[in-house]
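Undergrad: My questions concern the predicted model and sequence given below.
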Amino acid sequence: MELNAAVALVTGAGRGLGLHIARELVARGAKVYATARNPAGVDVPGAVVLPLDVTDQASVDAAAAAASDVTLLVNNAGVATFTNLVDGPLDDVRLEMETHYFGTLRMVRAFAPVLAAGGGGAVVNVLSALSWVTYLHATSYSAAKAAEWSLTNGVRLELAAQGTVVSGVHLGAADTDMMRQWDVPKLAPEFVAAAVADGIERGDLEILVDDAAVQAKAALAADVRMVYPQLG
């Protein structure tokens, strides 16, 4: 995809990776709809700002009607509650699944006809290395991202006939508000945004941003006790 001819919609563009991806796409010449639940907080010069809550079907439908020329859908909106599956609040588990899985699905369903009308276009789902590996206090998030990864594979097959390319982005930690409390190596969000844009232009189906993503994918073929040595 030539980004200087693309019309992109980015979810969760008010902060974090979504903000930087939207800015990167504008810098590469794309027309960009930058969306957020609070549109007043979106700071993407040159973008068209729209309100959007991916957990609300009416909001999704309104965005699809307002952005009927989209050729590139970037599903980035997310939430992290740092909840465990067994003993964490079930409402937090539901929120993560509602946002990452059902929110992405709502967006794909709403924009699939828009992309088809524009010749196919592309969908990019911002996933995580945690789609493939999990950690305590992130097991709910990881489960939601794993579901979103499976969704990505599914809609890739379903939308192939209309010429829509569906890509998944995987990375470890980025230096955003979501990861502020964690003392781990973090990628600059500008670096991630550039890697995502490069992957879109190449037509990559999987955009593995860093070694953490590469290693997490490789671990899928490893013995479970090697991946999680704490199991003994």
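TA: Okay, I see it. Residues are numbered from 1 along each chain as shown.
Undergrad: switch to C-alpha atoms for all contacts and neighbour counts from now on
TA: Noted.
Undergrad: Residue 54: neighbour count?
TA: 28 (other C-alpha atoms under 10 Å).
Undergrad: One more: the one 10 residues further on?
TA: Using other C-alpha under 10 Å, residue 64 has 21 neighbouring residues.
Undergrad: hang on, it in a helix?
TA: Yes. Counting by DSSP: H, G, I helix; E, B strand; the rest coil, residue 64 is located in a helix.
Undergrad: give me the low-pLDDT residue ranges for the chain?
TA: Scanning the chain for pLDDT under 70 picks out 179, 182.
Undergrad: residues in contact with the closest residue to residue 132 other than its chain neighbours?
TA: Nearest residue to residue 132 in three dimensions, chain neighbours excluded: residue 216, at 5.7 Å (C-alpha to C-alpha, 6 or more residues apart in numbering). Residue 216 is in contact with 129, 130, 132, 133, counting by C-alpha atoms under 8 Å, 6 or more residues apart in numbering.
Undergrad: so where does residue 216 fall, helix or strand?
TA: Secondary-structure assignment from DSSP states H and E places residue 216 in helix 211-218.
Undergrad: May I see the buried residues of that helix?
TA: Neighbour counts over helix 211-218 (16 or more other C-alpha atoms under 10 Å) mark 212, 213, 214, 216, 217 as buried.
Undergrad: hang on, the first one packs against residue 131?
TA: No. Distance between residue 212 and residue 131: 11.5 Å, which falls outside the contact criterion (C-alpha atoms under 8 Å).
Undergrad: Now that residue 166 has come up, it's in contact with residue 156, right?
TA: Yes. Proximity of residue 166 to residue 156 meets the contact threshold set by C-alpha under 8 Å, at 5.0 Å.
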